[in-house]
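>>> Make a model of this:
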Amino acid sequence: MKIYFVSMGCAKNTADSEHLTAQLESLGHTITDTPDGADAAIINTCGFIQDAVKENID
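Below is the predicted model:
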């Protein structure tokens, strides 16, 4: 499966996203840089830090 992965918010989200994408790749999935042609999209975000919430809305 081709997966488009977006990480928004704090540095913890970036670290979590790197861990998750590595797990997905080890299971045979492909991580894509663009949503074009992706079978699924995952958005890893934060709802606790106000700047992250604003980034998500924008």
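>>> going forward, measure contacts and count neighbours with C-alpha atoms only.
Noted.
>>> contacting residues around the longest helix along the chain?
Ranked by residue count and defined by DSSP state H, the top helix of the chain is helix 11-26. With contacts defined as Cα atoms under 8 Å, 6 or more residues apart in numbering, helix 11-26 is touched by Phe5, Ser7, Met8, Thr30, Ile31, Asn44, Thr45, Cys46.
>>> pLDDT and distance to Gly37 added to those, as JSON lines?
What follows is the contacts of helix 11-26, written out as JSON lines (pLDDT from 0 to 100; distance: Cα to Cα, whole Å):
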{"residue": "Phe5", "pLDDT": "91", "distance to Gly37": "13"}
{"residue": "Ser7", "pLDDT": "87", "distance to Gly37": "19"}
{"residue": "Met8", "pLDDT": "80", "distance to Gly37": "21"}
{"residue": "Thr30", "pLDDT": "97", "distance to Gly37": "11"}
{"residue": "Ile31", "pLDDT": "96", "distance to Gly37": "11"}
{"residue": "Asn44", "pLDDT": "87", "distance to Gly37": "20"}
{"residue": "Thr45", "pLDDT": "81", "distance to Gly37": "22"}
{"residue": "Cys46", "pLDDT": "72", "distance to Gly37": "26"}
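>>> Which positions in stretch 29-37 come out as buried?
Thr30, Ile31, Thr32 (16 or more other Cα atoms under 10 Å).
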